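# The following block contains a protein sequence and its predicted model.
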Amino acid sequence: MPSFFRGGNQPQQQSQAGPPQPSPQAHAPKDRFEIIIHYENNAFRVLYYVGQSVASFCLNVFLATGVIPSRQKIIGFEKPGPAAPLMPDGDLSKMGMFEGIQLSMTQLNIGQELEPRPLTPHWVDRIGANVRVLGERVEAIEHYVNSGGPVNEKMHKLSMYMGEAGMKLMLKVDEIDGDDNVRAMRKALVKQSNAILDRIEQLKSRLKPPPAGQVDVGSC
């Protein structure tokens with residue numbers, strides 16, 4: 001079964017008080033289950049797969065809510081605490097996910113996106129961490145497409161957005177300068193970034209909806 005939730009784009013109406021938070025001990029282990037994302041006075045049901053990456057999960061949230069993955073700020077997790085947001089390089093298996101958990105999301109402004117945690121505070125490592133997260137997000141979209149996810153304007157726009165984000169990141173990589181070690185790291189990041197941009201271009205082509213009135217043979 002594809003690792004995306006086809007029915008997630010319909011909001012589930014809740015009462016103002018909201019249902020009581022289910023207890024994680026009340027459920028037997030499952031390989032997938034529904035969680036609830038509260039966003040702009042609506043509640044969206046999103047399918048979570050045990051062991052799922054943050055990039056894949058945030059793509060599911062995008063499919064349900066339309067909020068770009070990099071602009072999602074999701075809170076309400078059991079661990080490390082309800083106020084701690086899901087980080088781009090987080091580990092969902094350590095955040096106390098269980099069936100029916102109630103999470104809240106806000107949309108971040110452009111330029112205020114959450115940053116992944118670098119290996120060191122060095123600015124080259126900070127750029128490298130963002131390149132790595134971009135690659136994970138591209139991989140999640142590739143898996144969506146390869147699993148039979150529908151090709152539509154919504155997904156095509158996401159691929160276009162990812163392409164713009166990749167180009168901005170490449171500009172930061174191009175600005176890296178320093179000693180021999182720094183230049184070697186820059187060379188590796190340039191190679192990695194170019195490979196990611198090539199994959200994004202392929203996704204743009206694969207996700208572009210056919211012209212009106214033309215049948216997409218691949219979807220038949």
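Perfect, thanks for sending it.
# can you give me the helices for the protein?
For the chain, the helices defined by DSSP state H cover 54-65, 123-146, 153-174, 180-207.
# relative orientation of the second one and helix 180-207 in degrees?
Spelled out, that is helix 123-146. Here the directions of helix 123-146 and helix 180-207 differ by 20 degrees (axes from the mean of the first three to the mean of the last three Cα atoms, to 10 degrees).
# got the contact list for residue 71?
Contacts for residue 71 (Cβ atoms under 8 Å, 6 or more residues apart in numbering) come out as 107, 108, 109, 110, 113. No exception for glycine: its C-beta is placed from N, CA and C like everyone else's.
# Turn those into JSON lines, columns for neighbour count.
Supplementary listing: the contacts of residue 71 in JSON lines, determined by neighbours: other Cβ atoms under 10 Å:
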{"residue": "107", "neighbour count": "14"}
{"residue": "108", "neighbour count": "16"}
{"residue": "109", "neighbour count": "7"}
{"residue": "110", "neighbour count": "8"}
{"residue": "113", "neighbour count": "18"}
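# Identify, out of the helices of the chain, the most deeply packed stretch.
Among the helices of the chain, ranked by average contacts under mean count of other Cβ atoms under 10 Å, first place goes to helix 54-65 (a mean of 23).
# Would you mind putting the CA coordinates of it into PDB?
Output in PDB follows, covering the C-alpha atoms of helix 54-65 (Å, rounded to 0.1, in the frame of the first residue of the first chain):
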ATOM      1  CA  VAL A  54       9.800  13.000   9.000                       C
ATOM      2  CA  ALA A  55      10.000  14.000   5.300                       C
ATOM      3  CA  SER A  56       7.400  11.300   4.300                       C
ATOM      4  CA  PHE A  57       5.100  12.200   7.200                       C
ATOM      5  CA  CYS A  58       5.200  15.900   6.400                       C
ATOM      6  CA  LEU A  59       4.400  15.000   2.800                       C
ATOM      7  CA  ASN A  60       1.300  13.200   4.000                       C
ATOM      8  CA  VAL A  61       0.400  16.300   6.100                       C
ATOM      9  CA  PHE A  62       0.800  18.400   2.900                       C
ATOM     10  CA  LEU A  63      -1.500  16.100   1.000                       C
ATOM     11  CA  ALA A  64      -4.100  16.600   3.700                       C
ATOM     12  CA  THR A  65      -3.700  20.300   4.500                       C
END
